[in-house]
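Undergrad: Task: produce atomic coordinates for the following.
(chains A and B)
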2 protein chains.
Amino acid sequence: RIVAACRRALAPQDYRDLVVLVTAGGTREPLDPVRYIGNYSSGKMGYALARAAWERGARVTLITASPLPPPPEVEVVRVQTAAEMLAALEERFAGADIVLKAAAVADFRPVAKATQKIKKGQQRELFVHLEPTVDILACLSRMKERQILVGFAAETEDLLANAGQKLHDKQLDLIVANDVTRPGAGFGSETNIVTLLFPGGRKEELPQLPKLEVAHRILDAVTTLPRFPGRSAGPEREE
Amino acid sequence: RIVAACRRALAPQDYRDLVVLVTAGGTREPLDPVRYIGNYSSGKMGYALARAAWERGARVTLITASPLPPPPEVEVVRVQTAAEMLAALEERFAGADIVLKAAAVADFRPVAKATQKIKKGQQRELFVHLEPTVDILACLSRMKERQILVGFAAETEDLLANAGQKLHDKQLDLIVANDVTRPGAGFGSETNIVTLLFPGGRKEELPQLPKLEVAHRILDAVTTLPRFPGRSAGPEREE
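TA: The predicted structure is shown next:
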């Protein structure tokens, strides 16, 4: 906490008083009362973004589906499913300046949830029927006014093509592309290797860095966007 | 760490030099490189057991599928799937005195794992074919010689009947029955409410307690088993 306070005192306060929403972790879609379909997102990239934005003076709300303990400095909303994450975002979207969608949201969910635990003895095989979940980024794009919307693309093939398509389809202001199959990148790792894609085709490849450093580079990139609302400012101390 | 060391110095050393294996967390069975079928086990009950056994002088190995940071005092083996958990147990079982199976092991897994991330655009619905996983407790029961085997039953209905059946079928020395639907019990909670079932029909209901206290009560119960190898001892200090 002392380290965090020092980092904040020394950081540029270019996000001062901006309202930043960060999503983190992997959503969980229940199969029955004890089982779910999840993904390997640890929440660490989103937690790093929340902390970095806080260091730079933002008012941060972290909407997380991760079981890891969140950074103590920021407001935290815990959710499980894609639908809960969308509801938490919708409630806060109108008041937000910047939305950083680092969570890995389930694309599919079971059509039905069993009311009791499915017992092993009952069956030798099981077929689970999945349907697409709500498309959170598409919903937010439709609600977008002044908000800057930053998306993430975690891919295992055709990384830049898939990420560029998503940037365009969801009308994002920036997308962070992440090949989760590379060692030192992606889920659970303490470091990440990402490429930033901007509308219009500009791209910026970052080297392997600790996730908190990646977070600051992403926040740096956001300040260069034409729609960024903050005034650029040097290091300032809190009153 | 200082608190942990003090607790150890003051605890009865009735597990001194016993080799204790603890499993914790929920296993994850991959659907594709980014998704899995998991369960809501947090790993906290297993972590509490590992710490409690360490406090009482045991040599503890914790085999965990939980993403939470494990207690720093014990040897840790990280696994993801039921098959990996079984392999880690088999490797260490012959040298173990007591095995505490607190992990929630997947009962079903996808028959096939997709080699690339399944994209949302590709399909409007999905059917996942699941098969039963390997039965870890049954495998360990067959290997059992001097080992004391403690199982857990996390249920949402017919708790004691299901737990008693499992105690008998898997030839356990003790089973900890846990209705995960009760508030203050089960997955993710800081407390637990369990009933201990012994072979022969004896049972002991515990009140709602912090998980570390529940862990000590379970270890107390293990010392009453006729096959318990340790000598009972009062509080002793480490040399």
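
Undergrad: How many residues are close by residue A:166?
TA: When counting by other CB atoms under 10 Å in any protein chain shown, one arrives at 18 neighbours for residue A:166. Glycine gets a C-beta too; all of them are placed from N, C-alpha and C.

Undergrad: Just give the closest residue to it, not the sequence neighbours.
TA: Nearest non-adjacent residue to residue A:166, counting by CB to CB, 6 or more residues apart in numbering or on different chains: residue A:153, 5.3 Å away.

Undergrad: Can you name the next helix or strand after the host helix or strand of that neighbour?
TA: Assigned by DSSP states H and E, residue A:153 belongs to strand A:148-155. Using DSSP H and E, the helix or strand that directly follows strand A:148-155 along the chain is helix A:159-169.

Undergrad: Would you mind listing the buried residues in that next one?
TA: A:159-160, A:162-164, A:166-167 (16 or more other CB atoms under 10 Å in any protein chain shown).

Undergrad: where along chain A do the helices fall?
TA: Remark: helices assigned in chain A by DSSP state H are A:2-10, A:44-55, A:82-93, A:136-143, A:159-169, A:211-223.

Undergrad: For these, give me JSON lines that also has mean pLDDT.
TA: As requested, those are arranged in JSON lines below (pLDDT from 0 to 100):
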{"stretch": "helix A:2-10", "mean pLDDT": "85"}
{"stretch": "helix A:44-55", "mean pLDDT": "97"}
{"stretch": "helix A:82-93", "mean pLDDT": "96"}
{"stretch": "helix A:136-143", "mean pLDDT": "90"}
{"stretch": "helix A:159-169", "mean pLDDT": "91"}
{"stretch": "helix A:211-223", "mean pLDDT": "97"}
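
Undergrad: winner for burial among the ones you listed?
TA: helix A:44-55 (a mean of 27; mean count of other CB atoms under 10 Å in any protein chain shown).

Undergrad: Quick one: residues contacting residue A:62.
TA: By CB atoms under 8 Å, 6 or more residues apart in numbering or on different chains, the contact list for residue A:62 reads A:22-24, A:46-47, A:50, A:70-71, A:74-77.

Undergrad: Next: residue A:198.
TA: Residue A:198 sits in contact with A:174, A:204, A:221, A:225, where contact means CB under 8 Å, 6+ apart.

Undergrad: Spatially nearest residue to the residue most central in space within chain A (excluding sequence neighbours)?
TA: Nearest residue to the geometric centre of chain A (CA atoms, centre = their mean): residue A:102, 1.3 Å. Spatial nearest neighbour of residue A:102, excluding adjacent residues (CB to CB, 6+ apart): residue A:46 at 3.6 Å.

Undergrad: The one you found touches residue A:61, doesn't it?
TA: No: with contacts defined as CB atoms under 8 Å, residue A:46 does not count as touching residue A:61, sitting 11.6 Å away.

Undergrad: and for those two, which residues touch both?
TA: residue A:22.

Undergrad: Near the nearest residue to residue A:157 once chain neighbours are set aside, how many other residues are there?
TA: Counting by CB to CB, 6+ apart, residue A:157 lies nearest to residue B:116, which is 5.1 Å off, once chain neighbours are set aside. As a burial measure, residue B:116 scores 13 neighbours (other CB under 10 Å).

Undergrad: same deal with residue A:132?
TA: 16.

Undergrad: contacting residues around residue A:115?
TA: By CB under 8 Å, 6+ apart, the neighbours of residue A:115 are A:32-33.

Undergrad: Low-confidence stretches in chain A?
TA: A:121-122, A:230-239 (pLDDT under 70).

Undergrad: Go again with 50.
TA: Chain A contains residues with pLDDT under 50 at A:231-239.

Undergrad: related to what we said a few turns ago, which ones among the contacts of residue A:198 are found in strands?
TA: A:174, A:204 (DSSP state E).

Undergrad: my read: residue A:24 touches residue A:66, true?
TA: Yes: using CB under 8 Å, residue A:24 makes contact with residue A:66 at a distance of 5.5 Å.

Undergrad: what's the overlap in contacts for the two?
TA: With CB under 8 Å, 6+ apart as the test, residue A:24 and residue A:66 both reach A:41, A:43, A:46-47.

Undergrad: of those, closest to residue A:181?
TA: residue A:41 (14.3 Å; CB to CB).

Undergrad: dump the residue contacts of that closest one.
TA: Contacts of residue A:41 (CB under 8 Å, 6+ apart): A:24-26, A:66, A:103-104, A:154, A:187.

Undergrad: follow-up on the earlier one: buried residues in the strand holding residue A:153, which are they?
TA: Buried residues in strand A:148-155 (16+ other CB under 10 Å): A:148-155.

Undergrad: From those, pick the one nearest residue A:31.
TA: Nearest to residue A:31 among the buried residues of strand A:148-155, with distances taken as CB to CB, is residue A:154, at 22.3 Å.
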